[in-house]
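**Q** the following block contains a protein sequence and its predicted model.
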Amino acid sequence: MTNALLVLGSANADLVVEVGRRPTGGETVLGGDTVVLPGGKGANTAVAAARVGASVALIGAVGGDGYGSLLRESLESSGVDTALVKTSARPTGIAYITVTPDGENSIVVSPGANADVSLSDVDDISFDGAQVLTCSLEVPLETVIHAIGVASRAGVRTVLNLSPVAELPAATLKQLTVLIVNEHEAAQLASDWRDLLKLGPTSAIVTLGSRGAAVVARTGVVEVPSIKVDEVVDTTGAGDAFAGALSARLAEGDDIVQAAEYAVKVAALSVTKAGAQPSYPTAAEVY
């Protein structure tokens with residue numbers, strides 16, 4: 001198996017319900033019909049990359065249930081190699097998502113099978129031919145740390161979408177080619193974006209929602225504006241769309257600014273449709 005891009009991360013079934021407003025503590029609100037969609041940060045990232053043409057494999061786990069079948073079908077139909085997605089005795093991970101009329105979402109994740117993604121799964125992988133490893137944090141942290149180390153020693157560029165923020169060893173941060181965080185996560189890590197590089201990564205990207213992204217490099221900060229879209233329908237998975245598209249372009253040889261310019265377009269287009277994976281554009285739809 002030779003894939004230019006390897007993605008390590010979660011695969012979840014997204015149970016999405018539209019609500020007029022989010023409930024406060026102890027309160028019940030009525031919502032719309034529940035919609036079941038394929039999701040999970042790892043699966044989303046892999047699908048977003050495959051949709052824009054990357055040769056990509058997902059390293060992850062699902063349960064032997066209907067939700068697992070849904071995820072495998074979505075991954076494979078999008079062109080993601082699932083040979084490294086194992087079937088766990090635990091149930092497939094589930095994300096419970098509420099979406100308000102402005103398109104914003106709140107999410108609770110039950111990891112399930114994602115907790116079974118282990119160090120041995122990484123050790124079974126050949127990194128020959130791989131250009132980029134991209135990781136997210138809905139799988140065990142020790143597995144992510146191990147994978148970044150193995151990939152770095154193999155000469156593979158490493159990307160980490162640090163969401164949610166977790167404490168990583170200094171050695172792991174120094175092995176990162178690109179650290180991706182949003183504005184809130186960046187503020188937890190450093191008082192100034194430029195200080196993100198003091199943590200150890202070669203470069204960092206701060207995603208700015210509808211404003212685009214900021215690329216932080218040794219030479220300075222480059223702000224990459226987003227494109228305007230007519231209507232925001234659902235922001236679920238937009239950050240994963242960015243990470244996937246960015247990784248796809250890095251695997252193709254783009255520099256980090258070029259990759260970010262492409263990724264902000266993919267992320268912006270993704271919010272114009274409902275759901276995560278179903279909303280991701282193909283290369284032909286990116287302008």
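**A** Sure, I can see it.
**Q** what helix or strand is Ala245 on?
**A** For Ala245, the element it lies in under DSSP states H and E is helix 238-251.
**Q** who's Val221 bridged to?
**A** Counting by DSSP bridges, Val221 is bridged to Val216.
**Q** how near is it to Ala214?
**A** From Val221 across to Ala214, the span is 5 Å (Cβ to Cβ, to the nearest Å). In this view, the C-beta of every residue, glycine as well, is placed from N, C-alpha and C.
**Q** overlap in contacts of those two?
**A** Common neighbours of Val221 and Ala214 (criterion: Cβ atoms under 8 Å, 6 or more residues apart in numbering): Trp193.
**Q** these two: which is more packed in?
**A** Neighbours of Val221 and Ala214, each counted by other Cβ atoms under 10 Å, are more numerous for Ala214; the result is 19 against 14.
**Q** gap between that one and Ser191?
**A** As judged by Cβ to Cβ, Ala214 and Ser191 stand 15 Å apart.
**Q** before we move on, what about Val144?
**A** To Ser191, Val144 is 25 Å away according to Cβ to Cβ.
**Q** okay, the two: which has more neighbours?
**A** Between Val144 and Ser191, counting by other Cβ under 10 Å, Val144 is the more crowded of the two (24 against 8).
**Q** chain neighbours aside, what residue packs nearest to that one?
**A** Leaving out its chain neighbours, the residue that sits closest to Val144 by Cβ to Cβ, 6 or more residues apart in numbering is Cys135, at 4.8 Å.
**Q** other SSEs contacting the helix or strand containing the one you found?
**A** For Cys135, the host element (DSSP H and E) is strand 132-136. Packing partners of strand 132-136 (3 or more Cβ pairs under 8 Å, 6 or more residues apart in numbering; DSSP states H and E): strand 5-8, helix 41-51, helix 141-153, strand 157-161, helix 238-251.
**Q** so which of these is the most packed in?
**A** The highest average neighbour count among those, using mean count of other Cβ atoms under 10 Å, belongs to helix 41-51 at a mean of 33.
**Q** quick one: average pLDDT of that one?
**A** For helix 41-51, the mean pLDDT works out to 97.
**Q** and it, how far out from the chain's middle?
**A** Centroid displacement of helix 41-51 relative to its chain, using Cα atoms, centre = their mean, to the nearest Å, is 7 Å.
**Q** ok, now stretch 205-222?
**A** Mean-position distance between stretch 205-222 and its chain equals 17 Å (Cα atoms, centre = their mean).
**Q** can you tell me the distance between the two ends of it?
**A** Counting by Cα to Cα, to the nearest Å, you get 10 Å between the two ends of stretch 205-222.
**Q** got the buried residues for that stretch?
**A** Neighbour counts over stretch 205-222 (16 or more other Cβ atoms under 10 Å) mark 205-210, 212-217 as buried.
**Q** can you redo those residues as a markdown table with distance to Ala186, pLDDT and secondary structure?
**A** Below are these laid out as a markdown table (distance: Cβ to Cβ, whole Å; pLDDT from 0 to 100; DSSP: H, G, I helix; E, B strand; the rest coil):
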| residue | distance to Ala186 | pLDDT | secondary structure |
| --- | --- | --- | --- |
| Ile205 | 10 | 98 | strand |
| Val206 | 5 | 98 | strand |
| Thr207 | 9 | 97 | strand |
| Leu208 | 10 | 96 | coil |
| Gly209 | 12 | 91 | helix |
| Ser210 | 17 | 91 | helix |
| Gly212 | 14 | 97 | coil |
| Ala213 | 11 | 98 | strand |
| Ala214 | 9 | 98 | strand |
| Val215 | 13 | 98 | strand |
| Val216 | 9 | 98 | strand |
| Ala217 | 15 | 96 | strand |
